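Asker: Could you look at this predicted model? Sequence included:
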Amino acid sequence: MSNAAVLTALRTRIREFVTKNFYMADPEAFSDQTSFLDQGIIDSTGVLELVSFVESEWSLTVVDDEMVPQNFDSVDALVTFVDKKTS
């Protein structure tokens, strides 16, 4: 599978998880760059849910200093983070 296909699959799976597990009035209205925290999509508990999802879905270990908005605050941030951790 090409890297582009891998990134597309990551993006699709992450968006699917976020839209099914966190309340959004219109899931299609948020972009991959939308800040989960700024838009009130997730809170600190939601970040922990995302961490748990990432760890179980891709068999990763997320250490404390990786639990920062740069890694978990948008679909794009998560795609980048998971791609780096799995490469």
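Answerer: Here it is on my side, so go on. Numbers count the residues shown, from 1 in each chain.

Asker: Buried residues, the longest helix along the chain. List them.
Answerer: Criterion DSSP state H: the longest helix present in the chain is helix 3-21. Across helix 3-21, burial judged by 16 or more other CB atoms under 10 Å covers 10, 11, 13, 14, 15, 17, 18, 19. All C-beta spots, glycine's among them, are computed from the backbone N, C-alpha and C.

Asker: For those residues, give me JSON lines that also has pLDDT.
Answerer: Output for the buried residues of helix 3-21, formatted as JSON lines (pLDDT from 0 to 100):
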{"residue": "10", "pLDDT": "95"}
{"residue": "11", "pLDDT": "96"}
{"residue": "13", "pLDDT": "97"}
{"residue": "14", "pLDDT": "96"}
{"residue": "15", "pLDDT": "94"}
{"residue": "17", "pLDDT": "96"}
{"residue": "18", "pLDDT": "94"}
{"residue": "19", "pLDDT": "91"}
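
Asker: mind checking how far the nearest residue to residue 19 once chain neighbours are set aside is from residue 71?
Answerer: Closest residue to residue 19 apart from its sequence neighbours, by CB to CB, 6 or more residues apart in numbering: residue 27 at 4.0 Å. Relative to residue 71, residue 27 is positioned 22 Å away (CB to CB, to the nearest Å).
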